[in-house]
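A.B. asks: Output the structure for:
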Amino acid sequence: MTDRAKDEALIREVVARAAQAWDANDATAYAAEFTEDSDYVAFDGTLLRGREANRALHAGLFDGVLYGTRMEGTIESIRFLTGDVAVVHLTGSVVFAWQREVPKGRRSRNTWVLVRTADGWRVAAFHNTRVRPMPGEGPVVRLFGNYVRWRTARARAHG
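C.D. replies: Coordinates of the predicted model:
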């Protein structure tokens, strides 16, 4: 196995441990997969700075609205920017205990930036975004496009 293949396997283990910690609703174990100074952007745009902020937020969520949830996802890609930095893209979501699969409206895409540390690979930055592609064509898109053109022309004429 090449060094790159070993690193990819170790990165997959980080993602798997994070998912296992989530499934156990263990905020401390989940946050342990992140660097001390990590950045975490949640699906709603909330920005957390640092492992402790991550742990504290998730402890409250696991005790409340995310109680009993599990994380489901698939790694789409792992790309090494350097030998010590990798970008990982995943799709998936959080699933409530009574759900069998991820509801379409809750699908997310995550970007994880992992760095090699003295303690192994850790997540330095995380960004979660809902998957809700915008339609590229159709009558509603054309109507809204016309509205944008009208408002833009009006703003330029008065500004």
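A.B. asks: how far out from the middle of the chain is the helix or strand of the chain with the lowest mean pLDDT?
C.D. replies: Within the chain, no helix or strand scores below helix 139-158, which has a mean of 86 by mean pLDDT, DSSP states H and E. Remark: helix 139-158 is offset 34 Å from the chain centroid, using CA atoms, centre = their mean, to the nearest Å.
A.B. asks: ok, now stretch 31-41?
C.D. replies: 12 Å.
A.B. asks: ok, and what's touching it?
C.D. replies: Stretch 31-41 has contacts (CB atoms under 8 Å, 6 or more residues apart in numbering) with 14, 17-18, 21, 47-55, 58, 115, 117, 122-128. All C-beta spots, glycine's among them, are computed from the backbone N, C-alpha and C.
A.B. asks: out of the residues you listed, which are inside helices?
C.D. replies: If you go by DSSP state H, those have 14, 17, 18, 21, 51, 52, 53, 54, 55, 58 in helices.
A.B. asks: Drop anything exposed from these.
C.D. replies: 14, 18, 21, 51, 53, 54, 55, 58 (16 or more other CB atoms under 10 Å).
A.B. asks: out of the residues you listed, what pair is the most spread apart?
C.D. replies: Using CB to CB, those span at most 19.2 Å, a distance reached by 14 and 53.
A.B. asks: before we move on, back to that, tell me the one among the buried ones among the ones in helices among the contacts of stretch 31-41 nearest to residue 72.
C.D. replies: Of those, the one sitting nearest to residue 72 (CB to CB) turns out to be residue 18, at 12.5 Å.
A.B. asks: Find me the pLDDT at the closest one, would you?
C.D. replies: Residue 18 carries a pLDDT value of 97.
A.B. asks: How about the contacts made by the closest residue to residue 26 other than its chain neighbours?
C.D. replies: The spatial neighbour of residue 26 that comes closest, neighbours along the chain excluded (CB to CB, 6 or more residues apart in numbering), is residue 62 at 7.7 Å. Contacts for residue 62 (CB under 8 Å, 6+ apart) come out as 25, 26, 27, 69.
A.B. asks: returning to what we had before: distance to residue 43 for the ones in helices among the contacts of stretch 31-41 - can I get that in JSON lines?
C.D. replies: What follows is these, written out as JSON lines (distance: CB to CB, whole Å):
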{"residue": "14", "distance to residue 43": "20"}
{"residue": "17", "distance to residue 43": "21"}
{"residue": "18", "distance to residue 43": "16"}
{"residue": "21", "distance to residue 43": "18"}
{"residue": "51", "distance to residue 43": "20"}
{"residue": "52", "distance to residue 43": "21"}
{"residue": "53", "distance to residue 43": "16"}
{"residue": "54", "distance to residue 43": "14"}
{"residue": "55", "distance to residue 43": "18"}
{"residue": "58", "distance to residue 43": "13"}
